[in-house]
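J.: Build me a structure from this.
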Amino acid sequence: MLGDRTLFQLSPALIFLTYSAIILSFLGGTLWGKARELADGFLSAGLLL
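T.: Coordinates of the predicted model:
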């Protein structure tokens, strides 16, 4: 069966969990960067006034 196969001797569940963690950390970093960008924009706008 396909479920019994492994990649580099790793189980499919472990590969899926590792891939999910990488994707979630990328998305979290993207959102964090966007939030910092917005916060910097508000501070800069206040300094211009």
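
J.: Just give me the neighbour total for L31.
T.: Burial measure for L31: 10 neighbouring residues, criterion other Cβ atoms under 10 Å. C-beta coordinates here come from the backbone N, C-alpha and C atoms, glycine included.

J.: secondary structure element for it?
T.: Under the assignment given by DSSP states H and E, the secondary-structure element containing L31 is helix 12-48.

J.: I'd like the average pLDDT over that helix.
T.: The average pLDDT for helix 12-48 rounds to 84.

J.: buried residues in it?
T.: In terms of neighbour count (16 or more other Cβ atoms under 10 Å), helix 12-48 has no buried residues at all.

J.: Report how many residues lie close to F8.
T.: Applying the criterion other Cβ under 10 Å, we find 5 residues in the vicinity of F8.

J.: Same question for S11.
T.: Other residues within reach of S11 by the criterion other Cβ under 10 Å amount to 13.

J.: ok, it - contacts?
T.: S11 is in contact with no residue at all, counting by Cβ atoms under 8 Å, 6 or more residues apart in numbering.

J.: ok, it to T18 distance?
T.: Separation of S11 from T18 (Cβ to Cβ, to the nearest Å) stands at 11 Å.

J.: Could you do Q9 as well?
T.: Distance check for Q9 against T18: by Cβ to Cβ, it reads 14 Å.

J.: Check A35 too.
T.: Distance of A35 to T18, computed by Cβ to Cβ: 26 Å.

J.: now swap in G28 and tell me
T.: According to Cβ to Cβ, G28 and T18 sit 16 Å apart.

J.: repeat for A39
T.: 32 Å.

J.: what does L38 give?
T.: Between L38 and T18 the computed distance is 31 Å (Cβ to Cβ).

J.: Could you do F26 as well?
T.: Note on F26: its distance to T18, by Cβ to Cβ, is 13 Å.

J.: swap in G33?
T.: For G33, the distance to T18 (Cβ to Cβ) stands at 23 Å.

J.: and what of E37?
T.: 29 Å.
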